[in-house]
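A.B. asks: mind folding the following:
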Amino acid sequence: MDASLNSAATALNSQSKALSTISTNLANSSTSGYKAVSTQFLDLLTSNSSGDSATTTGTGGVSTATRANVNYQGSIVSTSSSLDMAISGNGFFVVSDGTNSYYTRDGDFTTDSSGNVYLNGTNYYLKGWATDSSGTVTSSSLSDINVSSASTLAAKATTTYSLSANLPANGQSSVTTTSYTDASGNAQTLNYSWVSTGTNVAGDNTYLVSVTSSDASATLDDGSTSGQSMLTYTVETDSSGNIVSVTGTSGNSIGYAGSDLPTGITVTDSSGNSTSVDTSSETWSAVQASTGFSTTSSFNIYDSKGNSESVTGTWTAAGDNTWVLTMSSPLDSSGSTSGSLTDASGASASTYSYEVSFNSDGTLKSISALSQMNDGSLSTAPTDSSGNPDLSISWTDGSSNSSVSLNLGTANSSSGLTQLSSTSSPTKVSTNSQTQNGYSSGTLKSVSVTSDGEIDGTYSNGQTISLYKVAVATFINPDGLTSLSDNVYQASSTSGTANVTQANTNGAGSIEGSSLENSTVDTSNEVTKMVTSQQAYSSASQVISTTSKMFEQLVNVWS
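C.D. replies: Sure, this is the predicted structure:
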């Protein structure tokens, strides 16, 4: 009977613990990230020692052990809070009380008065890595995530500009030409284009005139400059349109001066055969009378103070699948001149130009800098280290000088500029996309979380930049973590040490923003367990009651 009483007592104790576990689970059925705990029952055996041997003689009751199913994934639901987070897959958020690190699946985060992100209702603060605006981690050390540390975003000057557009191939048909027959007997033409480049210090109008051959492989020689795919000339006219001067500007040579075209231009084909073209019947005034197809594009950029500026680019068809792109001085939002271009030598220039050539299939062939006269000095258009056109600008408002690399596409591809026939009326340049990396200053309006744990800030200027990367910790045995209050865990010898990494790397799961992981408690299952435990508890109580009566009867027998 003693064994019966002992077994029943252990049953009462074990079922009481089981009910306590069930109660805790039910209480946390709505706790985000909570992992249901289960009770395991273990039988106890009594033994009878006799001599050097021990034999099992019967049951001695029951004991319990609890098991936290920490590694079990709860369902993920969307919320309206931008800082709510849920981990889909392995891992835990890393939080700290200022002294030690702890771990949780509860993603109910909010900010304190200083902008620090913490686990709502606790003193545990979320840890992560600070990043630059592109999302690259800038420090190997974890720190508290503070979204107010970037409450304002300083203005950024534009340094790169990418343009995808189509220049109309049919615009080439309006180019002024001179016909000639090459050394192989093929009919060819010299093509002339005329681009306005503003006025000089004397008040004369200035123009850039280019000459190309319809033979794409040919090079030109005007007696002063040779070996060029394009000959260029600076032309000055007075207010009445009368030509004042013509100056040849190709490479570093200043060649022809006069009022007529060079009397002869030698064309050399790819085989080295030369043909002299008589141009004595052509005059600059005749070229001026038919300027060909020309249109403009606006390159909108920001200076270092965040001011919106606009640089006009003029596209002029030059024949032979070639265009001249002429950049003009920048204008501010009111249309006033806000700075001056600087050429390859750093000297001030009102304009500079580039030769833009295309293959016969409309893909980009090449872009090269041209030279022209600017107020009596030879000026060459600047390029960046990769040979791309460069918007080099000196601002009048005290902003830092700008150097903007123009990405107009890759040679032999249609990634940027193309030259295809246009069906628009009137014929014009069709812009597909234009992007640049500058912006004005802004204030933080909202934050969001990406799947790789990047906390992004969105600002009043429309920019969204990375602020932090949320740290995720994984364990060899997450079920071995020690459970603490506030739905956090502590590493133990059973769980192993934490492997702190970024989301979506090294086995860690992804992070879903504006979401929470539901508790893994199944209330129906817990109620069923509760009924079973209650019945077992009652039965154990009945055993004690029955055994007690049996003891009472035994005592009465001996009394």
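A.B. asks: check which residues of stretch 356-374 are buried.
C.D. replies: Buried residues in stretch 356-374, defined by neighbour count with 16 or more other Cβ atoms under 10 Å: 356-359, 362-365, 367, 369-374. For the C-beta atoms, the positions are set from N, CA and C on the backbone; glycine is no exception.
A.B. asks: now the residue nearest the centre of the chain: how far from I465?
C.D. replies: Most central in the chain under Cα atoms, centre = their mean is S134, positioned 5.8 Å from the mean C-alpha point. Using Cβ to Cβ, to the nearest Å, we find S134 at a distance of 8 Å from I465.
A.B. asks: ok, and the closest non-adjacent residue to T181?
C.D. replies: Excluding the flanking residues, the one nearest T181 by Cβ to Cβ, 6 or more residues apart in numbering is A187, at 6.0 Å.
A.B. asks: please apply the same query to Y103.
C.D. replies: Leaving out its chain neighbours, the residue that sits closest to Y103 by Cβ to Cβ, 6+ apart is F92, at 3.7 Å.
A.B. asks: do the same with Y72
C.D. replies: T520 (5.1 Å).
A.B. asks: which of the helices or strands spans the one you found?
C.D. replies: Assessed by DSSP states H and E, T520 sits outside every helix and strand.
A.B. asks: can I get the stretch of helix or strand T458 belongs to as CSV, trimmed to CA atoms?
C.D. replies: Assessed by DSSP H and E, T458 sits inside strand 454-459. C-alpha atoms of strand 454-459 as CSV (Å, rounded to 0.1, in the frame of the first residue of the first chain):
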residue,chain,number,x,y,z
GLU,A,454,17.6,45.3,-44.5
ILE,A,455,15.9,48.1,-42.7
ASP,A,456,15.2,50.8,-45.3
GLY,A,457,14.3,54.4,-44.7
THR,A,458,12.0,56.3,-47.1
TYR,A,459,12.5,60.1,-47.1
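A.B. asks: make residue 1 into 22 and carry on from there
C.D. replies: Yes, from this point I'll number from 22; that puts the last item at strand 475-480.
A.B. asks: ok now that strand, how far from the chain's centre?
C.D. replies: 11 Å (Cα atoms, centre = their mean, to the nearest Å).
A.B. asks: after that strand, which helix or strand is next? Please name it.
C.D. replies: strand 485-495.
A.B. asks: what angle sits between that next one and strand 475-480?
C.D. replies: If you take axes from the mean of the first three to the mean of the last three Cα atoms, to 10 degrees, strand 485-495 sits at 160 degrees to strand 475-480.
A.B. asks: now strand 485-495: how far from the chain's centre is it?
C.D. replies: 14 Å.
A.B. asks: in that strand, what counts as buried?
C.D. replies: Those would be 486-495, for strand 485-495 by 16+ other Cβ under 10 Å.
A.B. asks: for K177, state which of these is nearest.
C.D. replies: Of all those, I486 has the smallest distance to K177: 9.8 Å, by Cβ to Cβ.
A.B. asks: now do that closest one against S472, distance only.
C.D. replies: 17 Å.
A.B. asks: just Y145 next, same as before
C.D. replies: Y145 is 23 Å from S472, by Cβ to Cβ.
A.B. asks: when those two are compared, which one has more neighbours?
C.D. replies: Set side by side, Y145 and S472 show more neighbours around Y145, with 25 against 13, by other Cβ atoms under 10 Å.
A.B. asks: the more buried one contacts Y123, correct?
C.D. replies: Yes. Y145 is within contact range of Y123, at 6.1 Å (criterion: Cβ atoms under 8 Å).
A.B. asks: need the overlap of contacts for the two.
C.D. replies: Contact criterion Cβ atoms under 8 Å, 6 or more residues apart in numbering; residues shared by Y145 and Y123: 116-117, 509.
A.B. asks: roughly how far is whatever helix or strand S374 lives in from the heart of the chain?
C.D. replies: Per DSSP H and E, S374 falls inside strand 372-379. In terms of Cα atoms, centre = their mean, the centre of strand 372-379 is set 31 Å apart from its chain centre.
A.B. asks: L399 belongs to a strand, doesn't it?
C.D. replies: Yes. L399 sits within a strand when classified using DSSP: H, G, I helix; E, B strand; the rest coil.
A.B. asks: hey, what's it bridged with?
C.D. replies: M394 (DSSP bridges).
A.B. asks: neighbours around it, how many?
C.D. replies: Neighbour number of L399 under other Cβ under 10 Å is 19.
A.B. asks: does it touch Y373 like I think?
C.D. replies: No. In this structure L399 lies outside contact range of Y373 using Cβ under 8 Å: 11.2 Å.
A.B. asks: what sits against the residue lying closest to T131 once chain neighbours are set aside?
C.D. replies: Counting by Cβ to Cβ, 6+ apart, N141 is the residue found nearest to T131 once chain neighbours are left out, at 4.9 Å. When contacts are counted by Cβ under 8 Å, 6+ apart, N141 touches 129-131.
A.B. asks: relative to T132, how far out is N141?
C.D. replies: For N141, the distance to T132 (Cβ to Cβ) stands at 10 Å.
A.B. asks: what is the three-state secondary structure of T464?
C.D. replies: Quick answer, by three-state DSSP: T464 is strand.
A.B. asks: hmm, G478 and it touching each other?
C.D. replies: No. T464 sits out of contact with G478 when judged by Cβ under 8 Å, with a separation of 9.9 Å.
A.B. asks: of these two, who's got more company?
C.D. replies: Set T464 next to G478 and count neighbours by other Cβ under 10 Å: G478 wins out with 24 against 11.
A.B. asks: give me the beta-bridge partners of that one?
C.D. replies: Assigned bridge partners for G478, using DSSP bridges, are V468, I486.
A.B. asks: for T337, see how far away it is.
C.D. replies: Relative to T337, G478 is positioned 44 Å away (Cβ to Cβ).
A.B. asks: can you get me a residue count around G156?
C.D. replies: Using other Cβ under 10 Å, G156 has 16 neighbouring residues.
A.B. asks: and it, what pLDDT?
C.D. replies: pLDDT, G156: 89.
A.B. asks: list the contacts of it.
C.D. replies: Contact analysis of G156 by Cβ under 8 Å, 6+ apart lists 475, 487, 490.
A.B. asks: one more pass at 7 Å, please.
C.D. replies: Each residue near G156 by Cβ atoms under 7 Å, 6 or more residues apart in numbering is listed here: 475, 487.
A.B. asks: cool, and the one 3 residues further on?
C.D. replies: Contacts here follow Cβ under 7 Å, 6+ apart; on that basis T159 touches 151-153.
A.B. asks: swap in N191?
C.D. replies: N191 makes contact with 442-443, 448 under the criterion Cβ under 7 Å, 6+ apart.
A.B. asks: how about those residues in CSV, adding secondary structure and pLDDT?
C.D. replies: Output for these, formatted as CSV (DSSP: H, G, I helix; E, B strand; the rest coil; pLDDT from 0 to 100):
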residue, secondary structure, pLDDT
S442, coil, 90
S443, coil, 83
T448, coil, 74
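A.B. asks: hmm, N167 is touching N137, no?
C.D. replies: Yes. N167 lies in contact with N137 (Cβ atoms under 7 Å); the separation is 5.0 Å.
A.B. asks: which one's more surrounded, the two?
C.D. replies: N167 (20 against 16).
A.B. asks: how close does the more buried one get to S407?
C.D. replies: Noted for N167: a distance of 39 Å to S407, by Cβ to Cβ.
A.B. asks: export stretch 534-545 to CSV, keeping only CA atoms.
C.D. replies: The C-alpha atoms that make up stretch 534-545 are tabulated as CSV, following Å, rounded to 0.1, in the frame of the first residue of the first chain:
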residue,chain,number,x,y,z
GLY,A,534,8.5,42.8,-42.8
SER,A,535,5.1,44.0,-41.4
SER,A,536,4.5,40.5,-40.3
LEU,A,537,4.5,38.4,-37.1
GLU,A,538,4.9,34.7,-36.4
ASN,A,539,1.9,33.3,-34.6
SER,A,540,2.2,31.2,-31.4
THR,A,541,2.5,27.5,-32.2
VAL,A,542,-0.1,26.7,-29.5
ASP,A,543,-3.0,24.6,-30.7
THR,A,544,-5.8,25.5,-28.3
SER,A,545,-8.0,22.5,-29.3
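A.B. asks: all set, thanks.
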